[in-house]
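Fold the following, please.
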Amino acid sequence: MTKVVLSSDHAAIDLRRAVADHIKAQGFEVEDIGPQTPESTHYPKHGQAAAEAVASGRADLGIILCGTGQGIMMAANKVKGIRCGVCSDTFSAAMIRQHNDANMLSLGARVVGEGLALSIVDAFLGAKFEGGRHATRVDMIEG
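So this is what the prediction gives:
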């Protein structure tokens, strides 16, 4: 069973919970390590914590959220072995898995509504890395 770690800052708690419920219903194992209360919190620590769970192998994939998805994605990408992209459409979500072997997805709770967010998550989780010429490029990213 694929294990997905989720985290967010205070701006995305409700959407994170909706994503967690959605993917649990599809049979994914979910570890939600995000904040549970709406007090202001710092997205970098939440992005890093989720990224470390993926990089260590404790989780297979990660989904992180903040207001725009940008800041938390930047924090996650500082962790060696993480390839995280922020997406606001389903095409990009599928492509970051198929071409970039992304192991984390970032969403902006102030950018996409719940319905679109769940479709983006489905596209990300349903796509598989194509390898081939893309593997050479991923190796270049990993440096």
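
drop to CA atoms for contacts and neighbour counts, all remaining ones
Will do.

residues contacting the residue nearest to Pro38 when sequence neighbours are not counted?
Nearest non-adjacent residue to Pro38, counting by Cα to Cα, 6 or more residues apart in numbering: His10, 5.1 Å away. Residues near His10 by Cα atoms under 8 Å, 6 or more residues apart in numbering: 35, 37-41, 66.

now do 10 Å
His10 is in contact with 34-43, 65-67, counting by Cα atoms under 10 Å, 6 or more residues apart in numbering.

again with Lys78
44, 47-48, 51-52, 84.

what number of residues lie near Ala127?
Ala127 has 16 neighbours, counted by other Cα atoms under 10 Å.

Quick check: it touching Gln98?
Yes. Using Cα atoms under 10 Å, Ala127 makes contact with Gln98 at a distance of 6.1 Å.

does Leu116 sit in a helix or strand, and which one?
Using DSSP states H and E, Leu116 sits in helix 114-126.

Show me what that helix is packed against.
Other elements packing on helix 114-126 under the criterion 3 or more Cα pairs under 10 Å, 6 or more residues apart in numbering; DSSP states H and E are helix 13-25, strand 61-66, helix 90-98, strand 104-108.
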